[in-house]
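Kindly return the folded structure for what I paste below:
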Amino acid sequence: MSMGVPIRLVCFIVVAYLLAGCKKNQVGTLTLSQVSVGEVTLALDGTVVDGLPLDRSITVVFSQPVDQSTANAAISLSHDGEPVAVSLAFLSGGASVVVHPSGPLRSNTTYKLAVSEQLRGTDGSRGPGYDIQFKTMMEDLQVAAIEVGGENIGQDNVLASIPLELQMTLRFSSPLDKATVQQAFTLVGAAGTANMQLNIAADGQSVTLVSSTPLKGLTKYELRISDALMGAGGERFSGLTKTLFTAIDPVPKFPVVPDEELLTLVQRQTFNYFWDFAHPASGMARERNTSGDLVTSGGSGFGIMALIVGMERGFISRSQGVARLARIVSFLETADRFHGAWSHWINGNTGAVMPFSANDNGGDLVETSLLMQGLITVRQYLVTSTPAEKQLIDRINVLWQTVEWDWYRRDGQDVLYWHWSPDKGWAMNLPIRGWNESLITYVLAAASPTHSIPKTIYDSGWARDGDMRNGAIYEGIALPLGVEYGGPLFLSQYSFLGIDPRGLSDQYANYWTQNVNHTLINYEYSVRNPRNYIGYGENAWGLTASDNHEGYSAHSPTNDLGVITPTAALSAFPYTPDKSMDALKFFYYALGDRLWGPYGFHDAFNITQQWFADSYLAIDQGPIIVMIENHRTGLLWDLFMSAPEIKAGLRKLGFDSPKL
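Model prediction:
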């Protein structure tokens, strides 16, 4: 053996050196400890865990903290080779990574969570790659979104303002079985099933409905999706029905004419109710277009005022109008009267009372007031220089002077009573107290030259010693008198067909302010539409007493059934001319094919119920003619207020007016 270091010793030193170097550079191995979806732990051996929720995040736990800069590229989620957008959050110092999918996972779909070898620990450690698979539960197929014009219109059961050129996209929670789509979708309207095309998106997850022809405006349709629809993965659909209301058809139903011409057209057409449809024997106004021989006293008062408009505007000649008035007066002279008051309903052939209700078979003082308002107005219109007209003036004066207003105080009470019957007496038991449509009754009673009442009856009975005041704010508007929100709009109209509210005031209110504000409250409420009825808005407003889809009711903001009554807005022309004109144009041009008829506008409509009246009522048609005329010329106001008895009666009650 030669001198030097033994070979075995050299080898030992080299190996020891190498081992020492390896120990110096050694790092730990990065391993995957646990993966869970929500509360469910997944298998790491390749077994697919089934039935996992669709809306949970995925938590990945490692043996040590990971390097965040490599995690975003190394951790991914996919299904069927398609990547799923995710975001990562790091917990426990980076040892736990929470994977948040950008949206709910698909139903009945196998997902792969991949962790590539690019992932590093914060100490530089490496680990193997992992592919963890899991399958989501099979949920029922759902409509995830409904879009019109690219905008999500929500998931309400009732969807309004649907374009007539329908193009609606429904997005589903999972891809659809395309073979089931065509038979599952139908669009049904009153006229039957609408024709439409169904376009399925490339991903199979949305369907676009396109109408083959334009839908009808302001019309109800039902979109029905049956349970025959299925998802591509076998998902079931429970069926769905959505109610659609289309938007307004912008095409006018009639030729557009200047505003003044339209006002005349409406007055002329509505006048036909009182001219062509008047009772042939009596000339009186029938209660409604189905009333036969039943005529109405108050509605006839409105009709008499309409005759004045008809003569002035040339709808009829003056001689025709005077002849009709003579027939009406002759009938009233012989019709049943009860201490001078006529009944609400009268037989147009015989003049006999026709009971309005079981106990209402006698005099009706309020209806008599509305009739007498018309008679006094036409008396002022007639001229004494013409013998036939002078005779009518004298006969009207007799009728006027024989109404026993004071007798209706019911044994001298400080209030007027509405009804009296020879066999029922005062059974109706209804004192006339304000605020309502009956101001005209107290004005006429005070104005009577033969049976007048003192001012104390007005103050104590009608005004209730000031308790008829309101003063509250509704829709941002102060209401001087009356009930909450003002009640139906006829309260601001019936008495003011003749009484001119411009500048009219007494100790209780300014009556122009009262009527304007009442109307504006009604308008603003309709525009706000808190009950979400279809069709209400700036052009479709007006709540008052009228027919409805259930019968008849006094509609108002506190009794809102979805019914718009044209007379409400049209008889408010003096108070809200621009808003009333907007309503008139909407009623005529937008709804004329369903609302316009031989006697003007039908009584009412309810778009939510798809109901349009076929009826006409005298008490609704009359104020349209009269109040449009008062708006245009003030004719009826000027005539009624020119009566000397009316001036005296108003002054007696403490009223102030430029016309007194």
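
For whichever strand or helix holds residue 245, which strands pair with it and how are they oriented?
Following DSSP states H and E, one finds residue 245 within strand 240-246. Each strand pairing with strand 240-246, determined using DSSP bridges, is listed with its direction: strand 158-162 (parallel), strand 220-225 (antiparallel).

okay, these, which one's buried deepest?
Per-residue neighbour counts averaged over each of the strands paired with strand 240-246 give the maximum for strand 220-225, namely a mean of 19 (mean count of other Cβ atoms under 10 Å). All C-beta spots, glycine's among them, are computed from the backbone N, C-alpha and C.

which residues sit against the strand holding residue 245?
Here strand 240-246 makes contact (Cβ atoms under 8 Å, 6 or more residues apart in numbering) with 143, 146, 157-164, 187, 215-225, 534-535, 607-608.

rerun at 6 Å
Among residues not part of strand 240-246, those counted as contacts by Cβ atoms under 6 Å, 6 or more residues apart in numbering are 158-160, 162, 164, 215, 217, 219-225, 534.

Just after that strand, pick out the following helix or strand.
Towards the C-terminus, the helix or strand next in line after strand 240-246, according to DSSP H and E, is helix 259-275.

mind listing what's buried in that following helix?
Buried residues in helix 259-275, counting neighbours by 16 or more other Cβ atoms under 10 Å, are found at 262-264, 266-275.

Stretch 417-426 too?
Per 16+ other Cβ under 10 Å, stretch 417-426 contains these buried residues: 417, 418, 419, 420, 421, 426.

for the second one, phi and psi?
In this case it means residue 418. phi -70, psi -40 (degrees, to the nearest 10).

State the distance from it to residue 291.
Computed as Cβ to Cβ, to the nearest Å, the residue 418 to residue 291 distance reads 22 Å.

ok, now the third one?
Using Cβ to Cβ, one obtains 21 Å as the distance from residue 419 to residue 291.

now swap in the fifth one and tell me
With distances defined as Cβ to Cβ, the gap from residue 421 to residue 291 amounts to 21 Å.

ok, now residue 120?
As defined by Cβ to Cβ, residue 120 lies at a distance of 93 Å from residue 291.

for residue 90, helix, strand, or coil?
Assigned state for residue 90: strand (three-state reduction, DSSP: H, G, I helix; E, B strand; the rest coil).

So what sits opposite it in the bridge?
residue 97.

for the stretch 551-660 of the chain, what spans make up the helices?
According to DSSP state H, counting those that start in this stretch, the stretch 551-660 of the chain carries its helices in the segments 566-570, 577-585, 592-595, 618-632, 635-641, 644-652.

likewise the stretch 51-200 of the chain?
According to DSSP H, counting those that start in this stretch, the stretch 51-200 of the chain carries its helices in the segments 68-74, 181-184.

Need the residues that contact the shortest one.
Right, the one you point to is helix 181-184. By Cβ under 6 Å, 6+ apart, the residues outside helix 181-184 that reach it are 198, 200, 225, 226, 228, 229.

The same query, at a cut-off of 10 Å, please.
By Cβ atoms under 10 Å, 6 or more residues apart in numbering, the list of residues contacting helix 181-184 from outside reads 176-177, 198-200, 204, 207, 224-230, 237, 239-240.

So which bits of it are buried?
Of the residues in helix 181-184, 181, 184 count as buried by neighbour count, 16+ other Cβ under 10 Å.

Residue 96: neighbouring residues, count only.
Here the number of neighbours of residue 96 (other Cβ atoms under 10 Å) works out to 17.

Test my guess that it contacts residue 63.
No - at 11.3 Å, residue 96 and residue 63 do not qualify as touching, with contact defined as Cβ atoms under 10 Å.

Overlap in contacts, those two.
Both residue 96 and residue 63 are in contact with residue 33, where contact means Cβ under 10 Å, 6+ apart.

Put the alpha carbons of stretch 166-174 into CSV.
Coordinates of the C-alpha atoms in stretch 166-174 are reproduced here as CSV (Å, rounded to 0.1, in the frame of the first residue of the first chain):
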residue,chain,number,x,y,z
LEU,A,166,-92.2,41.0,-29.8
GLN,A,167,-88.6,39.9,-29.4
MET,A,168,-88.2,38.4,-26.0
THR,A,169,-85.3,36.2,-24.8
LEU,A,170,-85.6,33.7,-21.9
ARG,A,171,-82.4,32.5,-20.4
PHE,A,172,-82.5,29.2,-18.5
SER,A,173,-80.4,27.8,-15.7
SER,A,174,-79.1,24.9,-17.9
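
mean confidence score for that stretch?
When the per-residue pLDDT values of stretch 166-174 are averaged, the result is 95.

Now do the buried residues in that stretch.
Neighbour counts over stretch 166-174 (16+ other Cβ under 10 Å) mark 166, 167, 168, 169, 170, 171, 172, 173, 174 as buried.

about what we covered before: turn the helices of the stretch 51-200 of the chain into JSON lines, including mean pLDDT and distance to residue 385.
What follows is those, written out as JSON lines (pLDDT from 0 to 100; distance: least, Cβ to Cβ, whole Å):
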{"stretch": "helix 68-74", "mean pLDDT": "94", "distance to residue 385": "103"}
{"stretch": "helix 181-184", "mean pLDDT": "96", "distance to residue 385": "80"}
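
Need these in CSV (columns: distance to residue 392).
Compiled in CSV, the helices of the stretch 51-200 of the chain are given as follows (distance: least, Cβ to Cβ, whole Å):
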stretch, distance to residue 392
helix 68-74, 98
helix 181-184, 72
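
Which helix or strand in this protein has the lowest average pLDDT?
Least confident helix or strand, the chain: helix 7-25 with a mean of 43, by mean pLDDT, DSSP states H and E.

Show me what the next helix or strand after that one packs onto, helices and strands only.
Tracing the chain C-terminally past helix 7-25 and defining elements by DSSP H and E, one meets strand 32-37 next. Using 3 or more Cβ pairs under 10 Å, 6 or more residues apart in numbering; DSSP states H and E as the contact criterion, the elements in contact with strand 32-37 are strand 49-52, strand 58-62, strand 96-101, strand 110-115, strand 130-136.

chain center to strand 32-37: distance?
Average the C-alpha atoms of strand 32-37, do the same for its chain, and the two points are 55 Å apart (Cα atoms, centre = their mean, to the nearest Å).

partners of that strand, with directions?
Those paired with strand 32-37 in the sheet (DSSP bridges) are strand 40-41 (antiparallel), strand 58-62 (antiparallel).

Pick out the residue nearest the middle of the protein.
Taking Cα atoms, centre = their mean as the criterion, residue 533 is the residue nearest the geometric centre of the chain, at 2.9 Å.

and which of the contacts of strand 240-246 is nearest residue 137?
residue 225 (22.4 Å; Cβ to Cβ).

thinking the closest one is in contact with residue 239, fair?
Yes - applying Cβ under 10 Å as the test, residue 225 and residue 239 come out as touching, 6.4 Å apart.

that older thread, in ChimeraX, select just the buried ones from the contacts of helix 181-184.
Under the burial definition 16+ other Cβ under 10 Å, those of those that qualify are selected in ChimeraX by:
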select :176,177,204,207,225,229,230,237,240
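
Spell out which residues sit in contact with residue 629, please.
The contact partners of residue 629, by Cβ under 10 Å, 6+ apart, come to 263, 267, 305-306, 308-309, 312-313, 497, 573-574, 635-637.

which one of those residues is nearest residue 553?
Ranking these by separation from residue 553, with Cβ to Cβ as the measure, puts residue 497 on top at 22.4 Å.

State the pLDDT value of the residue lying closest to the closest one once chain neighbours are set aside.
Sequence neighbours aside, residue 626 is the residue nearest to residue 497 in space, at 4.7 Å (criterion: Cβ to Cβ, 6 or more residues apart in numbering). According to the model's per-residue confidence, residue 626 sits at a pLDDT of 98.

Does residue 238 touch residue 228 like I think?
No - if you go by Cβ under 10 Å, residue 238 and residue 228 don't touch, sitting 11.4 Å apart.
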